[in-house]
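Colleague: test case, fold it:
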Amino acid sequence: MTVILLDPLRPEVLPLGAMKFVVGPVLVTEDVHPTTLWALQQASAAPVADDGDPLTVLLSTDRNHPLVRARVDRGEVLIAVQRHSGDALIEAVALMDTLRRTGPWESKQTHDSLRRYLLEEVYELLDAIDVGTQADLREELGDLLLQVLFHARIAADDPTSPFDIDDVARSFVAKISHRTPGILAGEHSDLETQIREWEERKAAEKQRGSVLDGIATTAPALALAQKVLERLAASGFPKPEVDPELLSVTVEVGGRSTEDITRQRVLDLMDRVYAAEASAQAVAEKLDSPQAWLHHLGVADGYAAQQNSGPGGQPQAPHQPAPAVAAPQPAEPHPTAPEPTADDYDGDIEQVDEAPADESGSETTELDDEVSIDDYYGSESIETSGPDDAHPHAPNVTRTTSD
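Modeller: Model (predicted):
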């Protein structure tokens, strides 16, 4: 006869082709949910062992049930609900929900108590990417998925602002759909266009109040340093105001923690940036040039004073006309923050005649977001970046999270 296999996660969904087989007598295995039985007019419990009945329809949710396997082996028709990619995620969500409600350990966890496990799983996944097998990668991705499901389930218990895994998924879909309209609509498959659309829409979403908004200070120190320097390079921050020790990190065996030293230097730089932004905000000025940065960093005024002083900071004697044969002598530059020049931003370059225009008519597009740190500060080999967060020392300026 016929075996009808229901989806255990959606037992109320009946395959269209099975409708005509459930109007008469139906044998139901013990795994079928009771609510399904109420909808069947002539349902009865299936026997414990296969009795070879070729006439009665068998209804089950377990593909490996002995009665199901026996009937399929005899050649009976199997009608099953089609499974789709992602169906196993529903099982994972249900499992996490059960553990959160009934597990003595799971029920006590908080977002904060899971922090170290989340960090461990990320590092283990990175190891699997570097040296692991496909099986290792699959396992570590599963462990990271557990963290996502766990945090979403904990959030569902929040008494004031709850959300669940469906809200997380909807947030993901909304963000990606908004930032990749051309790709999803099939309008183009051009990489540069996709990146431009992404950055333009991201900038419109974020409306950052600080150039450092969205940078996580909990990231590893080198990743934090790279992220901060990339943002500052894109904003026109003057290179001489960056601590040289951030551009070349030295590890001393037996010395102080390089991680702690580097992190503190980055935080100190961030504090200076926030202070300059607060200064500019107070007078409604934009930090859109190195000179503007220098002014609100409190460096430009000192630089001007230095130009009017002699060695050791003493006032110069009244100006005397120089002999006709002598060239004018420039004032001694500021020892730590000279006026930025082209060399400061692009390295040593030679002045050459302007190249002829490209006959193809192509133009160079300047990125208005993060730029390569190699192009601005020199060699860097840091490749990782951390999640987004807010710097605790930031002034009272409007900021948003990244991504």
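
Colleague: before we go further, residue 58 is sitting in a strand, right?
Modeller: Yes. Judged by DSSP: H, G, I helix; E, B strand; the rest coil, residue 58 forms part of a strand.

Colleague: and residue 362, what's its pLDDT?
Modeller: pLDDT, residue 362: 39.

Colleague: to clarify, my last question referred to residue 204.
Modeller: For residue 204, the pLDDT comes out at 81.

Colleague: so where does it fall, helix or strand?
Modeller: helix 191-206 (DSSP states H and E).

Colleague: which strands or helices does that helix pack on?
Modeller: Counting contacts by 3 or more CB pairs under 8 Å, 6 or more residues apart in numbering; DSSP states H and E, helix 191-206 packs against helix 165-179, helix 181-184. The C-beta positions use only the backbone N, C-alpha and C, and glycine is treated the same way.

Colleague: now it against helix 165-179, angle please.
Modeller: Here helix 191-206 points in a direction 120 degrees away from that of helix 165-179 (axes from the mean of the first three to the mean of the last three CA atoms, to 10 degrees).

Colleague: got the CA positions of helix 191-206 in CSV?
Modeller: The C-alpha coordinates for helix 191-206 follow below in CSV (Å, rounded to 0.1, in the frame of the first residue of the first chain):
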residue,chain,number,x,y,z
LEU,A,191,32.6,43.6,-7.9
GLU,A,192,33.5,47.4,-7.9
THR,A,193,29.9,48.3,-8.2
GLN,A,194,28.9,45.9,-5.4
ILE,A,195,31.6,47.4,-3.1
ARG,A,196,30.5,51.0,-3.9
GLU,A,197,26.9,50.2,-3.2
TRP,A,198,27.8,48.5,0.1
GLU,A,199,29.9,51.4,1.3
GLU,A,200,27.4,54.1,0.3
ARG,A,201,24.5,52.4,2.0
LYS,A,202,26.5,51.5,5.0
ALA,A,203,27.6,55.2,5.4
ALA,A,204,23.9,56.3,5.0
GLU,A,205,22.9,53.8,7.7
LYS,A,206,25.5,54.7,10.3
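
Colleague: next SSE downstream of it?
Modeller: helix 221-235.

Colleague: that next one: which residues count as buried?
Modeller: 221-235 (16 or more other CB atoms under 10 Å).

Colleague: which parts of stretch 69-84 are buried?
Modeller: For stretch 69-84, burial by neighbour count (16+ other CB under 10 Å) applies to 70, 71, 79, 80, 81.

Colleague: of these, which is the nearest to residue 249?
Modeller: Closest approach between the buried residues of stretch 69-84 and residue 249, by CB to CB: residue 81, at 57.4 Å.
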